[in-house]
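> predicted model, plus sequence, below.
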Amino acid sequence: MASTAHITSSLWSSLFIDLLNYEQWPSPYPNSASLNAMLDHHLKLSRNFPLHISLILPESNEDTRYVLKTLSACSARWASLYLDTDWDLLRDCDFRRVANNLPLLKQLWIEGFTSSLSQEITGPFQSAPILTELSIQGHRPPSPSSDARLCFPWNQLANLTLRHCLTSTALQYLELASQARQIALLRCSNNDFRARPGQYPRVIRCHRLLQSLCITIDDRDPELSVIFNHLTLPSLTDLQIAGFVDEDEDNIDGPPSSENFFFTSEQGAITSFFARSECRLTSLSLKNLPLHDIEIISFLQQIPSLTVLTIHEQLDKDEYDATSFTSHFFECLTIGYTEPTCTLLPRLAELDLRYDVSSFPTSDFLRMIQSRWIPDAAYAAQLGVDSLTSVTLRPQKHQDGKNVELGLDSLKALHVAGLCVSVS
């Protein structure tokens, strides 16, 4: 009698195959015949259940071709696909058989081994009627004017992520994804901009429906102006800017530092972007960036519509690095009841902070929180400000073991009164 596991198709709907990292396979490594038999058996047990597939494949060889041929034959069942391989494999005849046979595919993630692509890839994914989420990593045409581009059903995407692509190429794809509501540009390369800044195309791309933009930068490509100088986003409500963080000690890249990132020099491009877009930003996230308090204050003055603010200080910074949270910063956020019309961020409702305990001005912070806790809605309306509803604190314990919650006792009373407080 078959076990419950063998007759439950959903348990066999996820499939992960890594033919590249042989050293991670248990010993002894299965031969081609065993591998093929396992794949066939897995697909048989999954029956007609939608498939979620992850593939890490080397350049075309016997095993790769069998996997592609076998899985392509059931492409009508693909619900999601993660593919880490050489870009040229997308031109493989077995892979191209999936064209026009992807009725269930909703999510697609592609990572390319090669850093550049010599010619346009048409075909397999150009027709996927319900594909809404796409992530591309490592696509860099040999030149901005190259025809080496990827063909997808761009205008039906809701979520688009572009990682390790040329920024100029990423902006072109952003414009093609005209229906997308969320787009992430993660560690895109500005090499072509630095190579010829005077000749860089001054094209401003307008995306009328985009609501959320996430940008991650590192110390190799810290420039934000290359993005903001070329965008107009009238529907933008959520903006996230973060410095890259990787726990892999072998990674030579890191977050931007005070030596290569100057937020003040980027603010002209950002100010022009806001003026051009006329968007009503309600959520802002700034994480792992070397930001001075006055830089943040100047930035916040441009977005009085903000209701959600997240600021996470850089970790492991030197004593000479920028400090975000100072007495001056919290004094500027404190509501002055005699002149509430001058309040910075009058609509602020949710605040999320990560900070270094050793340099955090706790008393000034608490004074600001108390001034913004206004549970009487009528009084808040009279002042022309909104009350805080949520405060999330992420204190980083100092090496001396200092209590991360030291001095925050007064928040407990506000929590009892109704303010949502979280300390983690």
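Arrived safely, thanks for sending.

> ends of stretch 19-34, what's the gap?
13 Å (Cα to Cα, to the nearest Å).

> what does stretch 288-307 give?
For stretch 288-307, the first-to-last residue distance is 21 Å (Cα to Cα).

> so for it, mean pLDDT?
Averaging pLDDT along stretch 288-307 yields 95.

> ditto for stretch 332-342
78.

> do the same with stretch 313-320
The model assigns stretch 313-320 a mean pLDDT of 74.

> check stretch 79-92 too.
Across stretch 79-92, the per-residue pLDDT values average to 87.

> off-centre distance for that stretch?
Centroid separation between stretch 79-92 and its chain, computed with Cα atoms, centre = their mean, to the nearest Å, is 22 Å.

> show me which residues of it are buried.
The neighbour-count check on stretch 79-92 (16 or more other Cβ atoms under 10 Å) flags 79-90, 92 as buried. Every residue, glycine included, has its C-beta placed from N, CA and C.

> gap between Asp386 and Ser212?
Applying Cβ to Cβ, to the nearest Å, the value for Asp386 to Ser212 is 22 Å.

> for Ser10, same thing?
For Ser10, the distance to Ser212 - Cβ to Cβ - is 31 Å.

> so for these two, which residue has more residues nearby?
Set Ser10 next to Ser212 and count neighbours by other Cβ atoms under 10 Å: Ser212 wins out with 18 against 10.

> what mean pLDDT does stretch 9-18 have?
Mean pLDDT, stretch 9-18: 91.

> quick check: the gap between Ala73 and Leu43.
9 Å.

> so which of these two has more stuff around it?
The residue with more neighbours, out of Ala73 and Leu43 and counting by other Cβ under 10 Å, is Leu43; that gives 17 against 14.

> surely that one meets Ser75?
No: using Cβ atoms under 8 Å, Leu43 is not in contact with Ser75; the gap is 11.9 Å.

> returning to that earlier point: from the buried residues of stretch 79-92, which land in helices?
Members of these lying in helices (criterion: DSSP state H): none.

> and which of those residues is nearest to Glu62?
Closest to Glu62 out of these is Asp92 (13.0 Å), distances taken as Cβ to Cβ.

> contacting residues around the closest one?
Contact analysis of Asp92 by Cβ atoms under 8 Å, 6 or more residues apart in numbering lists Ser60, Arg65, Leu68.

> quick one: secondary structure of the residue nearest to Ile217 when sequence neighbours are not counted?
The shortest distance from Ile217 to any non-neighbouring residue, by Cβ to Cβ, 6 or more residues apart in numbering, is to Pro256 (5.7 Å). Put simply, Pro256 is coil when judged by DSSP: H, G, I helix; E, B strand; the rest coil.

> list the contacts of Val308.
Thr282, Ser283, Leu284, Leu348, Ala349, Glu350, Asp352.

> show me the beta-bridge partners of it.
Beta-bridge partners recorded for Val308 (DSSP bridges): Ser283, Glu350.
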